[in-house]
Structure formats: C-alpha cells, structure tokens
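A.B. asks: I'll drop the sequence and a predicted model, then ask my questions.
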Amino acid sequence: MPNSNDPGSPRVPESRPPSGYFGVWQRLFRGYGPVAILAALLIVVALAVPSRVPKTTSVASGDNSNQNSSLSNAGSSGAGNGSSSGSNPGGSSSAGASGSASSGSSSSNSGSSTHASSGSAGQAGTAGRTVTVPGSAKACAGNQVPGDPYSPPCLSFSGNNGGSTAKGVTSNSIIVSVRLTTDQSFGQTLAQLAGAQLRDTNADNVRTIQALATYFNTHFQMYGRKIVIKTYTGQGSLSNELLGQGQAQAQEDATTVAKQIGAFADITAESEPYATALEQQGVLGFGDPYMPASWHESHAPYDWSIATDGTDLATAAAQYTVQKLCGANAAYAGGNLKGKPRKIAGIAPSNELYQVSAAVTKQILNAHGCAVDDYSYTLDLGTESQQAENLVAQLKAKGYTTIICGCDPIFPVYLTGQEASQSYLPEFVEIGAALVDQDYVGQLYNQTAFAHAFGISPNEPAVPSTETIGYKAYKTVDPNSEPAFFVQNIYEQMDMLAIGLQMAGPDLTPQSFEQGMDRFPAKLGPAGLWGFSSTQFTTPNDFREVCWSPNTTSTYNNKQGAYIGTSSQRWTANNVPKGPPGCPIPSS
C-alpha cells in the first residue's frame with residue numbers, strides 16, 4: 001500500500017474503488033436554489049510549503065487539536081513562518097506558477113491569456129514559463145483571518161501584482177460570475193416544507209454574496225485586487241441539469257460567462273452540465289454536486305467544490321456500514337424489526353449516475369460479505385410522495401431492517417412519513433450528504449421514524465446560527481440587515497476559494513490556483529478536515545459518527561431535534577474502527 005504521508009503517492013487506498021466510480025447516493029442538494037448561489041471571491045498569494053493532504057491520510061483518534069496537528073505536521077511549521085524555498089512572489093518566478101503547469105491540467109485552455117508584466121511576456125499557465133512580478137510578499141504573524149480555523153498563514157504584500165495574469169484578472173480586479181435561475185428547485189420545496197425561515201430569494205443570496213465578497217476583499221491578501229461580482233440570468237435550468245439534461249442551455253450560459261462577462265471564475269457551477277461547459281471555456285467553476293474523483297481529475301484545474309468528492313463519499317458510507325453494521329442485529333430498529341439480523345436496502349435516485357454509485361457501494365459491501373439490495377426512485381418533486389408510499393410498502397413486505405438513504409433532502413420527508421404511517425421503523429443510515437446531516441433539515445422529518453437514524457457527518461457539532469463564522473462575517477459588513485439563511489454554506493465556499501487564491505501568489509492563473517491549493521496546510525474546522533492535493537479538489541476529508549435525538553434541543557436554532565456525536569473521534573474512510581455504533585439505542 002502506498003505511503004499515505006507522501007504527497008506524490010496515489011490517493012486510492014486498498015479499501016476504496018477505482019477513481020472512475022461515482023459517489024454513492026449524493027449528487028443532489030448542492031444544486032438547489034438557496035445554496036445554488038454560492039459565493040465569490042478570488043484572491044491571490046504565494047506560499048510554497050508542501051503540506052497537502054492526500055485522501056489516504058488517516059485521521060488520528062482523539063481531540064480535534066491533536067488531529068489537526070497530526071494531519072498537517074508535514075509543513076505546518078514552515079507555513080507558520082513562511083520560510084520555504086520558492087515562496088517569494090516577488091522573485092523572477094511567481095510562487096503560484098513555479099515549475100511546470102499542473103499535471104492535472106485540462107485539455108481546455110481557452111481560459112489562458114497572454115501575460116505581460118514589467119516588459120516580460122509569457123503564456124498564462126504555460127509549463128516552465130518565467131514571470132516577473134516586481135512586488136514582494138512577506139510572512140506576518142498568525143493567520144490571515146483571525147477566528148477562521150481554515151485561514152492560511154498571514155502574508156503582507158507590496159509592489160506590482162503583475163497586472164492581467166489571466167482572463168478575468170486585471171491589476172485591480174478579479175471578475176466572478178453568479179448565474180441566477182428561476183426554476184423550481186429542491187431549496188424552494190424545502191422552504192415550503194420548513195416555512196419562511198428557509199426561504200432565500202435570489203436577492204437575499206446576491207446581497208449575502210456581495211457582503212461576503214467585501215469581507216474577503218478586506219481580510220484576505222488580495223495583492224491590490226478586489227473581487228467584482230457580476231450576476232446574470234441564465235438560460236439553463238438547475239432542475240433539468242441535475243438530471244443530466246439541458247446541456248445546450250448550460251453551454252450557452254458558459255459562453256456568456258466567458259465571452260460577455262469575461263469572468264475568471266463562476267461560483268454557481270452546481271450541475272455537471274454547467275460545470276463541464278465552464279471548464280470547456282477555461283473558466284473556473286465552484287460548487288459541483290458530488291462529482292467523482294475521475295471527473296475532477298479530468299477537469300483539473302477548473303472545478304472545485306465544498307461538496308465531497310463522490311468517490312470518497314461512496315467509500316465512506318460503505319466502509320462505515322462494513323465496520324459498524326454488517327453481520328449484526330438491527331439494534332436501532334423499532335417495532336418487530338428490533339433485534340433481527342440486519343437486512344440492508346440502499347435507496348438512490350434512478351438517474352444513471354446515482355445508479356453507478358449504488359453499484360459501487362454494493363461492490364464494496366459484497367467484497368466484505370455484506371449483502372445490500374438496491375432500490376431507486378425518480379427524482380421528480382411532483383411524484384416523490386406517491387413513490388415513497390409505494391417504496392415503503394415494498395421494503396416493509398420484504399422485511400428490510402436497515403435503510404441506507406442516499407437521497408435528496410426532500411425524499412426523506414415523505415419516506416419517514418410513510419414509515420410512521422405504515423408502522424415500519426427500520427434503521428435509517430444517514431451518509432452526511434445533501435444537508436441531511438443538518439439539524440434544521442432533520443427536524444423536517446417524521447420524528448417517530450427518524451428517531452432510528454444515525455450515521456456519519458463531516459461537520460463539527462452545531463453552534464447557534466448567529467455564532468457561525470459566516471453570519472459574523474456578514475454582520476461586520478452589513479450590521480443592519482440579515483443574511484441569507486444559508487450564509488454559512490456561502491461563507492465556506494468562499495473560504496475555500498480564498499485559500500487557493502491567496503496561496504496562488506500574485507500571478508493568478510487556473511494553474512497557479514491549483515498549485516496554491518496543493519500547498520495549503522491541512523486544517524480542521526466546523527465543516528471537517530480541509531486539505532488538498534493534485535488529485536483532491538473538494539472538501540472535507542473526514543467525518544464523525546452522529547445520532548439523531550428527537551428530544552434534544554438544537555443549539556443551532558433552539559428547536560427540538562438535533563444530531564449528537566458519539567465521541568471526539570474523527571475518521572477517514574480507511575480507518576473506521578470495527579464495532580457497533582456508539583449511538584444510544586432507541587427505546588421503541
């Protein structure tokens with residue numbers, strides 16, 4: 001097995017499937033409305049400390065501080081003081097573009113632009129090019145953004161930033177596009193089910209993005225540049241694109257972004273067709289919905305997301321099931337299912353990509369002698385209620401004790417409702433995707449049925465909504481209004497982008513962005529462990545075990561129903577310990 005501490009080693013451990021597989025039961029929620037308008041920012045900096053974290057890294061058990069230390073010790077000390085050869089953005093070769101172009105660079109190069117700086121010229125992203133950037137960056141004490149656990153080390157900068165280094169980048173601006181759509185989405189339906197507290201309009205989201213862009217412009221090292229947000233109403237439909245349709249419209253929108261807006265990046269690339277179209281235009285896209293490892297590698301360096309790499313999430317869900325559930329009795333089921341030998345069913349949408357994912361998880365489980373039967377439903381908001389009724393009747397008739405739900409966030413509303421009405425209370429295994437692991441989403445489900453839910457989540461324990469980093473950041477810019485409900489999700493996406501752009505150095509190109517992400521020292525925060533490599537383009541990298549407690553008051557919104565953790569331990573897919581879940585056993 002390759003050395004997991006070697007940044008150059010393959011990231012596929014023995015326990016996970018080939019990178020060509022899609023992520024199990026998970027592509028959905030990143031594309032729906034409220035989260036769809038995810039925020040913008042682009043900032044550039046240089047710091048060449050080789051401390052990236054391959055996906056094979058094992059997370060040590062214990063408290064969070066020990067985990068963070070054990071995962072980032074390869075370069076954290078160098079990152080702290082900025083002392084690393086090649087980290088001088090003011091030298092003849094910029095930190096973000098030293099050496100050859102990224103090994104994962106895409107065949108699409110329409111985003112490259114001729115770069116002229118101080119009389120020297122070169123092709124942006126060209127292997128081996130030399131760029132003169134007269135400015136200089138120096139390390140300063142602490143983190144760039146105090147209070148943000150994901151913040152890169154502090155840098156100061158003075159001098160010339162090199163001017164126009166790539167399409168959408170000038171000496172004083174970085175253009176970032178935001179696509180608005182008006183079609184019905186999962187977010188709008190979720191809002192209708194939950195009430196007005198979840199209802200974010202396009203205007204709410206754009207206002208939040210603009211405020212957070214201002215926050216990042218003034219807190220991250222921008223090298224004299226500022227993010228400029230440009231919104232437009234697209235021709236495409238997120239609902240269609242999430243089903244793999246609407247490629248022509250997605251391509252039209254990507255052409256608008258590249259040719260009319262002239263953006264360096266788009267932060268609303270929440271569907272595969274739109275993200276692919278942007279990549280083909282040489283525009284960085286952020287927010288793709290749980291695309292697999294092979295997809296990200298073929299799109300490098302253009303596609304990034306806070307939605308976990310699909311292949312990793314598939315493996316995590318399967319390995320948790322193997323180590324915690326297989327070959328034992330259904331202790332967490334209710335009624336006459338309680339204590340019976342586990343009989344497992346997996347549920348995923350009928351979309352081809354999801355079914356590929358279901359097959360991957362089944363392969364992993366079968367390899368460990370753990371049988372699972374696959375069931376599907378059509379991703380149609382108008383018929384999900386009836387589909388849930390029929391599916392629950394089938395599952396009950398066949399005596400399944402345990403359901404692994406790789407579902408969109410709406411389907412469990414109907415699924416758990418039907419389970420309760422049909423007196424069928426199986427174990428509900430939650431896989432940490434599509435916001436199903438958030439308290440405010442779990443509260444929407446039937447609590448009699450969801451009392452039997454447990455599983456994994458990348459997120460740290462919830463804090464009050466007004467105490468989240470995103471909310472506080474918004475309020476420093478606009479203290480007299482309230483941000484979008486999903487301000488924390490928006491902040492996290494912007495934070496991820498800011499990391500790569502600051503680490504890239506003043507010579508900002510798609511290739512230097514990727515190289516900057518590679519150098520980021522791994523850190524643990526509220527959304528799990530963040531670290532990147534030449535084959536890793538999403539966050540997070542680890543997870544914890546959680547249990548749903550209907551009678552616990554959520555610290556997030558002070559309402560009944562919350563996820564509770566079983567310990568301070570966090571795991572990666574390849575080091576889940578053997579043994580039963582640590583959740584309390586429901587009384588009924």
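C.D. replies: Ah, there it is. None of these values were measured; they are calculated from a predicted model.
A.B. asks: mind listing the helices for the stretch 351-500 of the chain?
C.D. replies: 352-367, 384-397, 411-421, 439-442, 447-450, 469-477, 487-503 (DSSP state H, counting those that start in this stretch).
A.B. asks: Setting aside sequence neighbours, what's the nearest residue to residue 273?
C.D. replies: Leaving aside its sequence neighbours, residue 273 sits nearest to residue 250 (Cβ to Cβ, 6 or more residues apart in numbering; 3.9 Å). C-betas here are computed from N, CA, C, even on glycine.
A.B. asks: wait, is that neighbour part of a helix?
C.D. replies: Yes. Membership of residue 250 in a helix is supported by DSSP: H, G, I helix; E, B strand; the rest coil.
A.B. asks: That one and residue 258, how far apart?
C.D. replies: Look at residue 250 and residue 258: by Cβ to Cβ, to the nearest Å, they are 13 Å apart.
A.B. asks: cool, and residue 148?
C.D. replies: Taking Cβ to Cβ as the measure, residue 148 falls 31 Å from residue 258.
A.B. asks: Then residue 521?
C.D. replies: 33 Å.
A.B. asks: Then residue 544?
C.D. replies: From residue 544 over to residue 258 the distance is 40 Å, taken as Cβ to Cβ.
A.B. asks: Which one of residue 521 and residue 258 is surrounded by more residues?
C.D. replies: Neighbour count, other Cβ atoms under 10 Å: between residue 521 and residue 258, residue 521 has more, with 26 against 22.
A.B. asks: tell me which element the more buried one falls in.
C.D. replies: Secondary structure from DSSP states H and E places residue 521 outside every helix and strand.
A.B. asks: Now it. Its backbone dihedrals?
C.D. replies: Main-chain torsions, residue 521, degrees, to the nearest 10: phi -70, psi 130.
A.B. asks: can you pull out the strands in the stretch 201-350 of the chain?
C.D. replies: Ranges of strands in the stretch 201-350 of the chain, per DSSP state E, counting those that start in this stretch, are 226-233, 265-266, 284-286, 303-304, 344-349.
A.B. asks: nearest to residue 511, of these?
C.D. replies: Closest to residue 511 of those, according to Cβ to Cβ: strand 284-286, at 10.7 Å.
A.B. asks: Low-confidence regions, the protein specifically.
C.D. replies: Counting by pLDDT under 70, the ranges of the chain that qualify are 1-134, 184-199, 353.
A.B. asks: at 80 instead, please
C.D. replies: Across the chain, residues meeting the criterion (pLDDT under 80) sit at 1-134, 182-200, 239, 242-244, 351-358, 379, 381, 588.
A.B. asks: how far away is residue 302 from residue 516?
C.D. replies: Residue 302 is 14 Å from residue 516, where distance means Cβ to Cβ.
A.B. asks: Relative to residue 208, which of the helices of the stretch 351-500 of the chain is closest?
C.D. replies: helix 487-503 (5.5 Å).
A.B. asks: Could you tell me the angle between that closest one and helix 469-477?
C.D. replies: 80 degrees (axes from the mean of the first three to the mean of the last three Cα atoms, to 10 degrees).
A.B. asks: May I have helix 487-503 as CSV, with CA atoms only?
C.D. replies: The C-alpha trace of helix 487-503 is given here as CSV (Å, rounded to 0.1, in the frame of the first residue of the first chain):
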residue,chain,number,x,y,z
VAL,A,487,-24.9,32.2,4.8
GLN,A,488,-22.6,29.7,6.4
ASN,A,489,-22.6,27.5,3.3
ILE,A,490,-21.9,30.5,1.2
TYR,A,491,-19.1,31.5,3.5
GLU,A,492,-17.5,28.1,3.4
GLN,A,493,-17.4,28.0,-0.4
MET,A,494,-15.9,31.5,-0.5
ASP,A,495,-13.4,30.5,2.2
MET,A,496,-12.3,27.5,0.1
LEU,A,497,-11.8,29.7,-2.9
ALA,A,498,-10.0,32.3,-0.9
ILE,A,499,-7.5,29.7,0.4
GLY,A,500,-6.4,28.7,-3.1
LEU,A,501,-6.4,32.3,-4.4
GLN,A,502,-4.2,33.6,-1.6
MET,A,503,-1.9,30.6,-1.8
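A.B. asks: gap between it and the chain center?
C.D. replies: 11 Å (Cα atoms, centre = their mean, to the nearest Å).
A.B. asks: what do you get for stretch 329-348?
C.D. replies: That offset, for stretch 329-348, works out to 30 Å (Cα atoms, centre = their mean).
A.B. asks: what sits against the closest residue in space to residue 332 that isn't next to it in sequence?
C.D. replies: Ranked by Cβ to Cβ, 6+ apart and with sequence neighbours excluded, the top spatial neighbour of residue 332 is residue 427, at 4.5 Å. Residues counted as contacts of residue 427 (Cβ atoms under 8 Å, 6 or more residues apart in numbering) are 325, 330, 332, 333, 342, 401, 402, 403, 452, 453, 454.
A.B. asks: how about JSON lines for these, with distance to residue 366 added?
C.D. replies: Converted to JSON lines, those look like this (distance: Cβ to Cβ, whole Å):
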{"residue": "325", "distance to residue 366": "14"}
{"residue": "330", "distance to residue 366": "20"}
{"residue": "332", "distance to residue 366": "23"}
{"residue": "333", "distance to residue 366": "22"}
{"residue": "342", "distance to residue 366": "15"}
{"residue": "401", "distance to residue 366": "18"}
{"residue": "402", "distance to residue 366": "16"}
{"residue": "403", "distance to residue 366": "18"}
{"residue": "452", "distance to residue 366": "25"}
{"residue": "453", "distance to residue 366": "25"}
{"residue": "454", "distance to residue 366": "23"}
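A.B. asks: ok, now which ones touch residue 468?
C.D. replies: With Cβ under 8 Å, 6+ apart, residue 468 has these contacts: 487, 488, 491, 526.
A.B. asks: again, 10 Å this time
C.D. replies: With contact set as Cβ atoms under 10 Å, 6 or more residues apart in numbering, residue 468 has these partners: 462, 474, 483, 487, 488, 489, 491, 492, 526, 556.
A.B. asks: Residue 379 too?
C.D. replies: Neighbour list for residue 379: 27-28, 186, 239, 242-243, 348-351, 354, 387, 407-408, 410-411 [criterion: Cβ under 10 Å, 6+ apart].
A.B. asks: among these, which ones are buried?
C.D. replies: 27-28, 186, 239, 242-243, 348-349, 351, 354, 387, 407-408, 410-411 (16 or more other Cβ atoms under 10 Å).
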